[in-house]
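Novice: How does the following fold in three dimensions:
(2 chains)
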There are 2 protein chains.
Amino acid sequence: MSVKAYQRKLDVENGRVDLSHGSGGRAMAQLISGIFHQAFGNEWLARCNDQSAFDVAAGRMVMTTDGYVVSPLFFPGGNIGSLAVHGTINDVVMAGARPLYLSASFIIEEGFRFSDLRTIAQSMGAAARGAGVYIITGDTKVVERGKADGLFISTTGIGVLADGLDLSADKARIGDRVLVSGSLGDHGVAIMSTRQHAALRIEIVSDSASLHNLVAVMMAVGGSGIRVMRDPTRGGLAAALNEIAHQSGLGFRLQEAAIPVKPAVAATCELLGLDPIHVANEGKLVAIVAPHTADAVLAAMKTHPLGCDAADIGEAVADDHKFVQMATSFGGGRIVDWLSGEQLPRIC
Amino acid sequence: MSVKAYQRKLDVENGRVDLSHGSGGRAMAQLISGIFHQAFGNEWLARCNDQSAFDVAAGRMVMTTDGYVVSPLFFPGGNIGSLAVHGTINDVVMAGARPLYLSASFIIEEGFRFSDLRTIAQSMGAAARGAGVYIITGDTKVVERGKADGLFISTTGIGVLADGLDLSADKARIGDRVLVSGSLGDHGVAIMSTRQHAALRIEIVSDSASLHNLVAVMMAVGGSGIRVMRDPTRGGLAAALNEIAHQSGLGFRLQEAAIPVKPAVAATCELLGLDPIHVANEGKLVAIVAPHTADAVLAAMKTHPLGCDAADIGEAVADDHKFVQMATSFGGGRIVDWLSGEQLPRIC
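Specialist: Below is the predicted model:
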């Protein structure tokens, strides 16, 4: 992100992005300086190089990336910018790592309002600062009208792992408990409600949030007893648990009655024919925890605002089929499969 | 990039991406397993987590990101995949760093051919292996037909810096020499020729390449005498030198006759009304080098295949206006400004 200060200011209130803002020339420098540097401002960006340098201690690091194509770009509880920061921080945090730095790549459709871009960038800056993370490098491309859908953002995060920590989807063991940090489906239903706002009266707010502090509390209590963590985004809890089941070579047995779902979310899901365990979350995690420490970890989660509705919803069991099974509230049972199709496109 | 092996195979020859391939469910796992794991295959991806972990030594690292929206996706000398790997590696390398790992975020338009995606992914894998770099984490999103333009890729790279190295755009000093590694404008003209293939008979090949080995040769000879390196992509040599001039608070005086441009590129530029110093390169660098070592660095560059046409094209001079000036072949002079508009949209 190469930039410098120019005398002529960008007309952020009334202007729109055009192809010249992706050209590598003066207009791009203005856009970056006037919007992104303002919003992210830190010593790394100020050096105006195509890359940023930082010091690391010897040890183990993690890297993760996610593209964000959510539609609409603004929704109750956030926008594509806050989501792009929270989501990527959470993927770093799910490894048990402390997030350090982010990069951000913007693909902007010609005609996009500067004022919307500023709002989104400011949300990114605020979300990053809230997690003690810096957006240290970036890139901006502009494509012609009709060749994108407003704005896409790809963020990449890196973080450091404490010594010896190795959470991975293949680490679940039979007898482990399945903990979720709160109510499921809020993000997906918030997006869906925004799209169909004429039909739905209840405003449901996305749970989009960075889980770094919640995880710190959990790790302090659970240590290596925490085997796997996942943030159940696309595909929801069902996809996350099916992945872990396959990687670890076991099954899960869940208690439907124990799974927290907000009444408004449950009602909306029923109306739309969705199952909350397939719906995306952006501020929740599922943890597979050794039985001896699960109660202590759960108690610790409940002390944190983002974990106050945490629950123990089931256990890992021996299963050659690697099925995720659910004992329903009515005393029956069913298999919780991955979705084979697409339930809610462009949810994140 | 969470994945596992499924029995049912993707019909890569005839199939196309649909929205289910971005759902976080079974179809996405198939796509990732069938195309990306095949192409990138490495131990990190095989662990199927949403992030990848790696060991680092204490020291200084760099991080860089770029979005790729080149149109067309396939062009003489490469495709969007090889470009996305070369380009991001080069941004790491321009800091004098050794590239280690890449992430890749794919935003795919519904209806995109699996076979094209495979070709592109294989090019990425080959480009990464060629530079000794691993694509260790990724993400795939699918948007509806008409909401993107085939495929966009954002790659992020990290690398390690040797002790004490600190190349930056503010490090140029008066008297430093300006070296370019070869002929200018090849990439931009190759893309432009592809778009207008009916009108242009000459096939010009993009210079897209990773510059890690060339830079290693240069650093071995030049050490801290190499003050700044830039790969002159969007905006070309003109943008790169104007940025360095402003950051370092000086000017540049170039000799037009010394700037290498291939005859076919020069002819095409003349036909299209372009100036090669404004046109994008994807396998070239400009280095600002202390005068005492510039000749040795230039000689070293010429020993490398990617530097065989390297040239000393001018010097850094005192200039309160921070102008890039060019002595023309006809004995005149002119100011080389940034482009204010967009000459060649979606060149990278």
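
Novice: Scan chain A for its longest strand.
Specialist: Criterion DSSP state E: the longest strand present in chain A is strand A:97-109.

Novice: so does it get close to chain B?
Specialist: Yes: applying C-beta under 8 Å from any C-beta of the partner chain, one finds strand A:97-109 touching chain B at A:97, A:101, A:103-107. From N, CA and C alone the C-beta is placed, and that goes for glycine too.

Novice: And stretch A:184-198, by the same measure?
Specialist: No: applying C-beta under 8 Å from any C-beta, one finds stretch A:184-198 separated from chain B by no less than 10.7 Å.

Novice: again with stretch A:35-49
Specialist: Yes: for stretch A:35-49, a contact with chain B is found by C-beta under 8 Å from any C-beta, at A:47-49.

Novice: which residues are in contact with that stretch?
Specialist: A:1-4, A:10, A:12, A:52-54, A:104, A:114, A:117-118, A:121-122, A:124-125, A:128, A:134-138, A:140, B:95, B:168-170, B:243, B:247 (C-beta atoms under 8 Å, 6 or more residues apart in numbering or on different chains).

Novice: now, which of the residues you listed lie within helices?
Specialist: Under the assignment DSSP state H, the contacts of stretch A:35-49 contribute A:114, A:117-118, A:121-122, A:124-125, A:128, B:243, B:247 to helices.

Novice: before we move on, the earlier item: turn the residues of strand A:97-109 next to chain B into TSV, including pLDDT and neighbour count.
Specialist: As requested, the residues of strand A:97-109 next to chain B are exported to TSV (pLDDT from 0 to 100; neighbours: other C-beta atoms under 10 Å in any protein chain shown):
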residue	pLDDT	neighbour count
A:97	96	26
A:101	97	22
A:103	98	29
A:104	98	29
A:105	98	29
A:106	98	31
A:107	98	29
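
Novice: Count the neighbours of residue A:227 for me.
Specialist: 23 (other C-beta atoms under 10 Å in any protein chain shown).

Novice: got the contact list for it?
Specialist: So residue A:227 contacts A:167, A:171-173, A:176, A:288-290 (C-beta under 8 Å, 6+ apart).

Novice: Same question for residue A:214.
Specialist: Neighbours of residue A:214 in contact, by C-beta under 8 Å, 6+ apart: A:181, A:285, A:301, A:304, A:306-307.

Novice: could you redo the last one with a cut-off of 6 Å?
Specialist: A:304, A:306-307 (C-beta atoms under 6 Å, 6 or more residues apart in numbering or on different chains).

Novice: Which of these lies at the shortest distance from chain B?
Specialist: Checking the contacts of residue A:214 against chain B by C-beta to the nearest C-beta gives residue A:306 as the nearest, at 18.5 Å.

Novice: about what we covered before: nearest to chain B among the contacts of residue A:227?
Specialist: When the contacts of residue A:227 are compared against chain B (criterion: C-beta to the nearest C-beta), the nearest one is residue A:167, at 8.2 Å.

Novice: Quick one: residues contacting the closest one.
Specialist: By C-beta under 6 Å, 6+ apart, residue A:167 lies in contact with A:95-96, A:228-229.

Novice: returning to what we had before: same list (the residues of strand A:97-109 next to chain B) but as CSV, adding distance to residue B:66.
Specialist: As requested, these are arranged in CSV below (distance: C-beta to C-beta, whole Å):
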residue, distance to residue B:66
A:97, 24
A:101, 16
A:103, 9
A:104, 11
A:105, 7
A:106, 11
A:107, 11
